[in-house]
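My questions are about this predicted structure, shown below with the sequence.
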Amino acid sequence: MGSGVSSTTQQSTAIPEITINLSDGNTTTSINSTTGSLPRKTNISRHSSSRRRRDKDIIRRDSSKRNIDKPVTIQVKNGAPGIEVSNSKLESLAAEIFSRPDVANVRWIDFSYNEITLIPEDLAKLVSLSSLNMDNNFISDLPDSLLTLRKLTKLISSNNRLKYFNPNLLAFDNLTELSLSNNKLSELPADIGLLSSLVCLYVSHNTLTELPDSIGRLKKLRTLDIRYNNLKHLPDTVESLCSLERLQAYCNNLDVLPEALGSCTRLRVLRVSSNKLKDLPLSLGGLELLETLDVHNNKLTSLPECVCEMAGLLELHLGDNEISELNEGIVGMRRLQTLKVNSNSLQCIPSFIDSLSNLRYLHLRNNNIRTLPESMNNLQQLLVLDAKNNPIHFPPREVWERGLSAIKAYFEEIKRSGSSRSSRLKISVLGARSAGKTSFIECLTKNCTVGPFISPTLGIEVTRWIPLEDPNMVFVLWDHSGNPLYDATHQFFFSPGSLVFLVVNMQQYILGDSNSYTGTFCVYCTLYNTLYKTLCIILVVKI
């Protein structure tokens, strides 16, 4: 039967078989009047190359015929005539494109997002061509025939299948932009420096292991994109890239940056994240125009010294490192607007953070921060504070979990009420003789179990304790003797804002005789607290 006709048989009056084929260029619909079957669609969508190969014997359409389906006209963009055939599922460029009488005037051509495997030799007819965009195709070679395009300034061949760059094309001395990203390049030509007019070079997402020394001859280069490769070092010749403004080298295997990079004094953006850097060269401190520095996901253990000298920095990304503190060097970065130190080992945020008066975005997530300084309330430009996944206890959890506005309101209330907070706390430990006061202090400060006998305290012994959980806190413990002769003197060692631990040994406690173990101390503590309202009494029981 004819193509697209159903073979279903029905008992009915003989009616001539009529097949109506409706084609819209993508689907063929056959309607069989004999069977009364529903329309059947044969999908020949060009989106699926596998389906196209499967139907190759049924639907034979050569590439030139496919191209005729979409008329090609000369378009004008920014005053320049050109040809636009991008995203058209083409397998090749039809000869009709290059047989036009006005083809010699074409300044640009865009056949990106197709399925083209070979660059036609007829492309050489576009003698006025300055921009060639063949991004996202299946091209594996850049032929010598392109050399006839002497006016070419932009060559875009990213997202193809190039395994090498034709060294003969280094004769393009007018080329200002070269894009070879997302190919299969394992190396660049040794003489790439011959492209002396190059301003932008994009070679990301390849398998490069090194850059040729001649890259230093690209005196006009402003943008160098080498991210997502296997680079282990950068050549010292980068010091000659006197026009370089943007260097993207993240996601490589760099374990050190050359001191020579500090000679690129016009550098504004430096992104070297996701490498193996343990430090940054001191010479980078001289990059006065640098505005963005991204070194997240490396192996930094402290804030590099050179960073503290970058007074013009606007964005600093230090996340996913091993930094334990922010030193006072950051006070000089008064233009800084974004600071990211998430996923590090920070224990605290220094009080001088308020020197960053232009700070707008502060990311502190995933650290070990326990307190936020009250000076943060002075950051008037701050818009975003991300402090999630930290064991913060000041401000209280119910405050900082509500966000930046609640934190600012909390600090503002502290300032208004005249309250103060100190990281140093005095603790007086009281109790009768042999109540276990000294044992309690030993267990608390040394995190250990004490022996059955400890020498009694004579007078007062003072112990300074800094807990491992919060190195910013200092506790001063006063161990008062349990000798009744000293009972009347305890009150003179109380001070505003201090804490009192009253230790009671229940093994010695006699029911009905509480005064012998708590009474005297409670009287003095209660009297002092009534007068000054500053003491907090905690009862510690030894069983």
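All right, it came through fine. Numbering: from 1, shown residues only.

Isn't residue 354 up against residue 382?
No - in this structure, residue 354 is not within contact of residue 382 by C-beta atoms under 8 Å, at 9.8 Å. From N, CA and C alone the C-beta is placed, and that goes for glycine too.

which residues do these two both contact?
Counting by C-beta atoms under 8 Å, 6 or more residues apart in numbering, the contacts common to residue 354 and residue 382 are residue 376.

Who has more neighbours out of those two?
Between residue 354 and residue 382, residue 382 has the larger neighbour count (other C-beta atoms under 10 Å), namely 22 against 18.

Now the more buried one: closest residue in space that isn't a chain neighbour?
residue 359 (5.7 Å; C-beta to C-beta, 6 or more residues apart in numbering).

now swap in residue 281 and tell me
Distance criterion C-beta to C-beta, 6+ apart; nearest residue to residue 281, sequence neighbours excluded, is residue 259 at 4.6 Å.

hmm, back to that, which strand or helix spans the residue nearest to residue 382?
Under the criterion of DSSP states H and E, residue 359 resides outside all helices and strands.

hang on, the earlier thing: give the contact list for the residue nearest to residue 281.
Counting by C-beta under 8 Å, 6+ apart, the residues that residue 259 touches are 281-283.

Which positions in the one helix or strand residue 408 maps to come out as buried?
Residue 408 is part of helix 404-417 when elements are defined by DSSP H and E. For helix 404-417, a neighbour-count test (16 or more other C-beta atoms under 10 Å) marks 404, 407-408, 410-411 as buried.

ok so, going back, just the pLDDT for the residue nearest to residue 281.
Residue 259 carries a pLDDT score of 96 in this model.

how far away is it from residue 209?
Counting by C-beta to C-beta, to the nearest Å, the separation of residue 259 from residue 209 is 22 Å.

which SS state does the residue lying closest to residue 217 once chain neighbours are set aside fall under?
Of all residues not flanking residue 217 in the chain, residue 193 sits nearest, at 3.1 Å (C-beta to C-beta, 6+ apart). Residue 193 carries the three-state label helix when classified by DSSP: H, G, I helix; E, B strand; the rest coil.

Poorly predicted segments of this protein, please.
Scanning the chain for pLDDT under 70 picks out the ranges 1-71, 418-423, 449-454, 469-472, 487, 489-497, 507-543.

Run the chain-centre distance for stretch 377-389.
How far stretch 377-389 lies from its chain's middle: 18 Å, per C-alpha atoms, centre = their mean, to the nearest Å.

Quick check: end-to-end length of it?
By C-alpha to C-alpha, to the nearest Å, the extent of stretch 377-389 from end to end equals 21 Å.

Pull out the buried residues from it.
Buried residues in stretch 377-389 (16+ other C-beta under 10 Å): 377-379, 382, 385-387.

Pipe those into TSV and attach secondary structure per row.
Shown next, in TSV, are the buried residues of stretch 377-389 (three-state DSSP):
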residue	secondary structure
377	helix
378	helix
379	coil
382	coil
385	strand
386	strand
387	coil
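
List just the nearest of the residues you listed to residue 121.
Nearest to residue 121 among those: residue 386, at 56.7 Å, using C-beta to C-beta.

who touches that closest one in this structure?
With C-beta under 8 Å, 6+ apart, residue 386 has these contacts: 342, 362-365.

Wait, residue 87 touches residue 110, no?
No - Residue 87 is beyond contact range of residue 110, at 9.5 Å (criterion: C-beta under 8 Å).

And the two? Which one has more around it.
A direct count of neighbours by other C-beta under 10 Å for residue 87 and residue 110 places residue 110 higher, at 19 against 12.

Name the nearest residue to the more buried one, sequence neighbours excluded.
residue 133 (4.3 Å).

that older thread, in strands, which of the contacts of residue 386 fall?
Mapping the contacts of residue 386 onto strands (DSSP state E) picks out 362-363.

Show the residue spans covered by the strands in the stretch 201-350 of the chain.
223-225, 246-248, 269-271, 292-294, 315-317, 338-340 (DSSP state E, counting those that start in this stretch).

what is the residue nearest to residue 110 paired to in the beta sheet?
On the basis of DSSP bridges, residue 133 is bridged to residue 110, residue 156.

Report the separation between it and residue 305.
Counting by C-beta to C-beta, the gap from residue 133 to residue 305 is 44 Å.

So if I had to pick from these two, which one is more boxed in?
Between residue 133 and residue 305, counting by other C-beta under 10 Å, residue 133 is the more crowded of the two (20 against 15).

Would you write out the PyMOL command that picks the buried residues out of the contacts of residue 259?
Filtering those down to the buried ones (16+ other C-beta under 10 Å) takes a single PyMOL command:
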select buried, resi 281+283
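
Return the member of the contacts of residue 259 nearest to residue 264.
residue 283 (9.7 Å).

Alright, I will stop here.
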